[in-house]
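Engineer: Sequence first, then the predicted structure:
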Amino acid sequence: MALNSPQRLDAQALKDLAQAASPKSCQCALGPCSGWESVTEDRWPAPKLTVVGSLRVDTAEGEPVQGGEPTFEEFHPQGTRYESALAPIAPQFFPYNRCDVFSCSRCERVLLRYTEFGGYYVDHRVRALNADLVVDAPLPDAAA
């Protein structure tokens, strides 16, 4: 069993968290990261960040919820793309369903972070949370 697992956040909790934040101008190495950006460990300002929750669909024991793997399906009803700064933040969809949520003590931004695993690489990615883009979109019915 994982110790100190972050609280799982739903879309409303994520939106509330973003609306409660009062971001200031930040001069850290992350930059604006309004869309998904790759970030190396030396650019990740770990001492300034606190985990405030998770969007992961795993239980505290690491087992998938509802008997299945998190979807790799993305949510782009307006034709946006993964890297777009205007792409919706839909917690049940990829890559949000693999994210942890952080708060920066310096600039007070809320950040989403997940790790992309490929055949021969690991790519940490970060995106600043924008409350206006959070949507509570349900996954399509698997039986349909």
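Structural biologist: Now that the structure is in, tell me what you want to look at. Numbering: from 1, shown residues only.
Engineer: Which residue ranges of the protein form strands?
Structural biologist: 37-38, 49-54, 100-104, 110-117, 122-128 (DSSP state E).
Engineer: Return the most buried member of those.
Structural biologist: Of those, the one with the most neighbours on average (mean count of other C-beta atoms under 10 Å) is strand 100-104, at a mean of 21. For the C-beta atoms, the positions are set from N, CA and C on the backbone; glycine is no exception.
Engineer: Now do that strand, average pLDDT.
Structural biologist: When pLDDT is averaged along strand 100-104, the result is 94.
Engineer: Next: stretch 19-37.
Structural biologist: Average pLDDT, stretch 19-37: 84.
Engineer: Give me the contacts around it.
Structural biologist: 39, 42-45, 48, 82-85, 87, 95, 103-104, 106-111, 125-131 (C-beta atoms under 8 Å, 6 or more residues apart in numbering).
Engineer: Please flag which of these sit within helices.
Structural biologist: Residues of these located in helices (DSSP state H): none.
Engineer: Quick check on those residues: which are buried?
Structural biologist: Neighbour-count burial (16 or more other C-beta atoms under 10 Å) is assigned, among these, to 39, 44-45, 87, 95, 103-104, 107, 109-111, 125-130.
Engineer: Dump stretch 30-45 to CSV, restricted to CA.
Structural biologist: The C-alpha trace of stretch 30-45 is given here as CSV (Å, rounded to 0.1, in the frame of the first residue of the first chain):
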residue,chain,number,x,y,z
LEU,A,30,9.3,26.1,-16.3
GLY,A,31,8.1,29.1,-18.1
PRO,A,32,4.4,29.7,-18.8
CYS,A,33,3.6,26.0,-19.7
SER,A,34,0.1,26.9,-20.8
GLY,A,35,0.1,23.8,-23.0
TRP,A,36,2.0,20.5,-22.2
GLU,A,37,5.7,21.1,-22.1
SER,A,38,8.5,18.7,-21.6
VAL,A,39,10.5,19.4,-18.4
THR,A,40,13.8,17.9,-17.3
GLU,A,41,14.4,17.1,-13.7
ASP,A,42,16.9,20.0,-13.4
ARG,A,43,14.2,22.5,-14.5
TRP,A,44,11.5,21.0,-12.1
PRO,A,45,11.6,23.4,-9.1
